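>>> Could you work out the structure for the sequence below:
(2 chains)
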Protein chains: 2
Amino acid sequence: MHSSVVELIEQRFSASLFDASHSLSDLAITELTRLATRAPTAYNLQNWRFIAVRSPEAKARLRNFAFGQVKVSDAAVTFIVCGVLPDHAALAERLSPSVEAGYMPAALATGWQESVRVKYAHPQTARDEAVRSATLGAATLMFAAEASGLVSGPMIGFDAEAVAREFGLAPDEIPVMLVAIGRAAPGNWPQKPRRPLTEVLQIS
Amino acid sequence: MHSSVVELIEQRFSASLFDASHSLSDLAITELTRLATRAPTAYNLQNWRFIAVRSPEAKARLRNFAFGQVKVSDAAVTFIVCGVLPDHAALAERLSPSVEAGYMPAALATGWQESVRVKYAHPQTARDEAVRSATLGAATLMFAAEASGLVSGPMIGFDAEAVAREFGLAPDEIPVMLVAIGRAAPGNWPQKPRRPLTEVLQIS
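Predicted coordinates for the structure are as follows:
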């Protein structure tokens, strides 16, 4: 086991209290996002978008749609992590670097495009994939933040329709999670106790 | 930046080729799952279940419902990561250790129970949360595997209804992702190139 990664998993907690005097540069925000996008996605769709809400004005607007949660504005940045409904037409461009790099046969990339077209024809399947991809990105974003000595506070308590409208999301974009990132203020709760493994693990 | 975590994020790839001679003990599988369940969930719902498919017979059955993907049986273990539709009645038990530990007021735990009841009354919202929680668990499971020097192969290509039926999932359980974990065989593709950040990041 790589002990530092294990420690990070064990010590992470969902932060509510952030140091409001701390800010992050564009460069730091870009680096966190670069790492977040290293998460896997089905077919390498990369069907996500990250809106880093950092200005006091944008934070105040977002906070209004997030039941007034203080961490939205106290954190250095609060990301709106969006999933995008899969679009088979966009896949060719997403895969072309893999084809050009020589390890993915062009015919396979074409086959994946057809698979995506068929698989996500059902709206529920498409939405599931948007939620899944955005969540994989958000999880990796949180790990990247922890690796930088920062803390993260994921949130699902927000008005998704209002956020989509006010932050200009496209019709195929779903705001899946908010993730506040910054420097911890004193007084956060530790990671909450977990259920016994016997309740959640079955070995077959 | 904690360089080892960053390296792990950058070097992870979605494995297709596994060393079929490699196996994992119950203890190792339990430890991976213990770490996976350290992922955050909304309201600390922990609305997930992990089925670790390890026996040759169970792997063969699962592989049949996963379009014959060889990694399902070649990997030491393939997890069926299930999300569970949130149940407000179950939350009291999930939060009681936090209340007993003294940092969560009992009234807050009761309030969260009511919030969960209201929030997930809509079936789409409930399904979204099941997909989100299971994906957060799956992402952490993959990090735990990488931290152990193993590789992981997430899969969404499987017949969810057949898997639910054949592996005895409850009506409120959704198989969200399969995650094959084991030792890499030679010949895997590296992590695929990612989209330019300008396409996916907006700083507001």
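>>> you'd agree A:Ala170 is in a strand?
No. A:Ala170 is assigned coil when assessed by DSSP: H, G, I helix; E, B strand; the rest coil, not a strand.
>>> how about the nearest residue to it, chain neighbours excluded?
What sits nearest to A:Ala170 in space, not counting adjacent residues and going by CB to CB, 6 or more residues apart in numbering or on different chains, is A:Val84, at 7.8 Å. Where C-beta positions appear, they are placed from N, C-alpha and C, glycine not excepted.
>>> these two touch, right, the one you found and A:Val176?
No. Taking CB atoms under 8 Å as the definition, A:Val84 is not a contact partner of A:Val176, at 10.0 Å.
>>> what about the two, which has more around it?
Between A:Val84 and A:Val176, counted using other CB atoms under 10 Å in any protein chain shown, the more crowded position is A:Val176 (26 against 22).
>>> ok, the more buried one touching A:Glu129?
No. Applying CB under 8 Å, one finds A:Val176 not in contact with A:Glu129, separated by 11.0 Å.
>>> hey, what's in contact with both of those two?
Both A:Val176 and A:Glu129 are in contact with A:Gly83, where contact means CB atoms under 8 Å, 6 or more residues apart in numbering or on different chains.
>>> out of all of them, which strand in chain A is the longest?
strand A:173-182 (DSSP state E).
>>> Residues contacting the helix or strand following that one, please?
Per DSSP states H and E, strand A:173-182 leads on to helix A:197-200 as the next helix or strand towards the C-terminus. Applying CB under 8 Å, 6+ apart, the external contacts of helix A:197-200 come out as B:30, B:33-34, B:37, B:46, B:48-50.
>>> again, only this time at 10 Å
With contacts defined as CB atoms under 10 Å, 6 or more residues apart in numbering or on different chains, helix A:197-200 is touched by A:194, B:30-31, B:33-34, B:36-37, B:46-51, B:82, B:84, B:93, B:137.
>>> Any buried residues in that helix, and which?
Using 16 or more other CB atoms under 10 Å in any protein chain shown as the test for burial, helix A:197-200 gives A:Val200.
>>> avg pLDDT for that helix?
Averaged over helix A:197-200, pLDDT sits at 98.
>>> Name the next helix or strand downstream of it, please.
strand A:201-203.
>>> okay, now the closest residue to A:Ser55 other than its chain neighbours: neighbour count?
Nearest residue to A:Ser55 in three dimensions, chain neighbours excluded: B:Ser204, at 6.2 Å (CB to CB, 6+ apart). By the criterion of other CB under 10 Å, B:Ser204 has 17 neighbours.
>>> Please determine how far A:Phe143 is located from B:Ser115.
27 Å (CB to CB, to the nearest Å).
>>> These two: who's more crowded?
A:Phe143 (28 against 15).
>>> where exactly do the helices run in chain A?
A:3-11, A:26-36, A:56-64, A:71-74, A:88-100, A:106-119, A:123-147, A:160-166, A:197-200 (DSSP state H).
>>> Can you spell out which helices and strands pack onto the second one?
Spelled out, that is helix A:26-36. strand A:48-53, strand A:77-84, helix A:123-147, strand A:173-182, helix B:3-11, helix B:197-200, strand B:201-203 (3 or more CB pairs under 10 Å, 6 or more residues apart in numbering or on different chains; DSSP states H and E).
>>> ditto for the fifth one
Helix A:88-100 is packed against helix A:106-119, with contacts defined by 3+ CB pairs under 10 Å, 6+ apart.
>>> could you say what helices and strands the helix it packs on packs with?
helix A:88-100, helix A:123-147.
>>> For it, buried residues please.
A:109, A:112-113, A:116, A:119.
>>> can you give me how far that helix is from the chain middle?
25 Å (CA atoms, centre = their mean, to the nearest Å).
>>> With stretch A:191-204 instead?
Using CA atoms, centre = their mean, the distance between the centre of stretch A:191-204 and that of its chain works out at 24 Å.
>>> tell me how far the ends of that stretch are from each other?
Using CA to CA, to the nearest Å, the end-to-end distance of stretch A:191-204 comes to 30 Å.
>>> any idea of the pLDDT on A:Ala121?
96.
>>> One more: A:Asp159?
pLDDT at A:Asp159 comes out at 98.
>>> For A:Arg38, see how far away it is.
The gap separating A:Asp159 from A:Arg38 is 30 Å, by CB to CB.
>>> got it, and A:Phe143?
Applying CB to CB to A:Phe143 and A:Arg38 gives a distance of 10 Å.
>>> what's the answer for A:Ala144, then?
In terms of CB to CB, A:Ala144 sits 9 Å off from A:Arg38.
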